Structures are given as C-alpha cells and as structure tokens.
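Peer 1: Test case, fold it:
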Amino acid sequence: MTNLERVAHEIKTVGLYDLILQDVQKILGTRRPSVEQIRGLLETHPEILREYKQTNVEYNLSNIHLADIPLEGLEGECLKEARKVNENLAVLREIEKYTLDFEHSSTLVIIFSVEFFVLFSVQYFIVLLNLKAYQWYIYGLFALSVAAAWWYAKKEQRKYARENARFERIYDETLRLLDELEAKGCVEKEQLWIRQSDEHV
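Peer 2: Got it, this is the predicted structure:
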C-alpha cells in the first residue's frame, strides 16, 4: 500500500528525505540519481524503503498511499468488502505509529525527558534548598520514579509489539481484500493511489 513511484519521487525532491537521498547516492555512485534509478533501488535495497517509512512515522506522515474506496455505485459483496477495506485503512492509519521500533519512538524520549527533569529536581532540592538532611528520602523518591519509568516503558514496549502485530495482520487482510475486489472488477487499485502528500506541497 506504499506507492514506490511516489516514494522515489519524494526521496529525490523532498528535503525531509535528504539523508536517505545521500544513502541512495552512495549506493548508486552518482550525485544526481533519476527517479527511475531510485525506484529500482527500492526493489534491490529494502533498507532504503524501511528508512523512508521510519522517517514518515517519526514525522506523523502516513505510509498508506491509498485513498478510501468510493462506495457510490457498489453493491452486494463489492460494497461489503469495500466498506471493510475502508475500515481497515482507517485502523491502519491510526495504529501506524506502532510500526516504529519502540527504541526510536517518541514515547521513550518522553520517558527519558521526565526522568532527566526528576534528576535535576532532586539535585535542586538537595543543593539549592539545602535539604541535605533529607537527601536519602529524596534519592529514595528518585529511585521510585526510575522504577515507575521502567515499568511504564516495559508496558509501552509490549503495547508497541502487540499493535505492530495487529497492524501486520490488518495490512495483509486489506491487501487480500483489495486483490479480490480488483479481480471481481469492483475497483481499480491504480485509481486509489494518493500520488503526493499534502504535507510536502
């Protein structure tokens, strides 16, 4: 559900993907790769596509380059399956953020930021407010906050793994339904591609 033509064009022309373009230039050995060359590279070097998808998820951009199926004029099984595809696409867009590795997620960054703030506060209370007599109590509270942060991080890590597995399952089901709809002549996948992102315009 990711349009490789669009991916190649965006890697070449959109500044957000400059680091990926540098990798592409190194692999191809040219400073000015064409869209066709980049498109071919996506087939032979899947890590480039992974980098693109990860960048998008980090910036809350979708890797689902398919629009919802227009339901007007569809009947029976076609209508039922098209509705299911549209529901699946909505779910996929919603949980796509969980396809990012937990170690690279904003959730982990927030946890570390909070813990840094707590550590800074501990030092502030002990040194600047002259609470050395209570420093072991304050350090105890800090240790509790570290334990709470560790517990929360583990809980979120499990959630990422669970939602990622759910994403993969729904993704595969949606692809299968789209193939069935196209085989029955209900839709043309080519007509559903979103050719460019509004965020890049």
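Peer 1: how near is G76 to R176?
Peer 2: Counting by Cβ to Cβ, to the nearest Å, the gap from G76 to R176 is 19 Å. In short, each C-beta sits where N, CA and C put it, glycine included.
Peer 1: quick one, what contacts the residue nearest to the spatial centre of the chain?
Peer 2: Geometric centre of the chain, nearest residue: V57, 2.7 Å, by Cα atoms, centre = their mean. By Cβ atoms under 8 Å, 6 or more residues apart in numbering, V57 lies in contact with N63, E96, K97, T99, L100.
Peer 1: Which neighbouring elements make contact with the helix or strand of the chain with the lowest mean pLDDT?
Peer 2: Using mean pLDDT, DSSP states H and E, the weakest-scoring helix or strand in the chain turns out to be helix 106-123, at a mean of 78. Helices and strands touching helix 106-123, by 3 or more Cβ pairs under 8 Å, 6 or more residues apart in numbering; DSSP states H and E, are helix 135-183.
Peer 1: any low-confidence regions in this structure?
Peer 2: Counting by pLDDT under 70, the ranges of the chain that qualify are 125-128, 199-201.
Peer 1: According to the record, where do the domains of it fall?
Peer 2: The chain is divided into the following domains under automatic domain parsing: 1-63, 69-201.
Peer 1: Quick check: which of the ones you listed is buried the most?
Peer 2: Counting by mean count of other Cβ atoms under 10 Å, domain 1-63 has the highest mean neighbour count of the domains of the chain, with a mean of 16.
Peer 1: how near is L16 to V7?
Peer 2: 12 Å.
Peer 1: Good, wrapping up.
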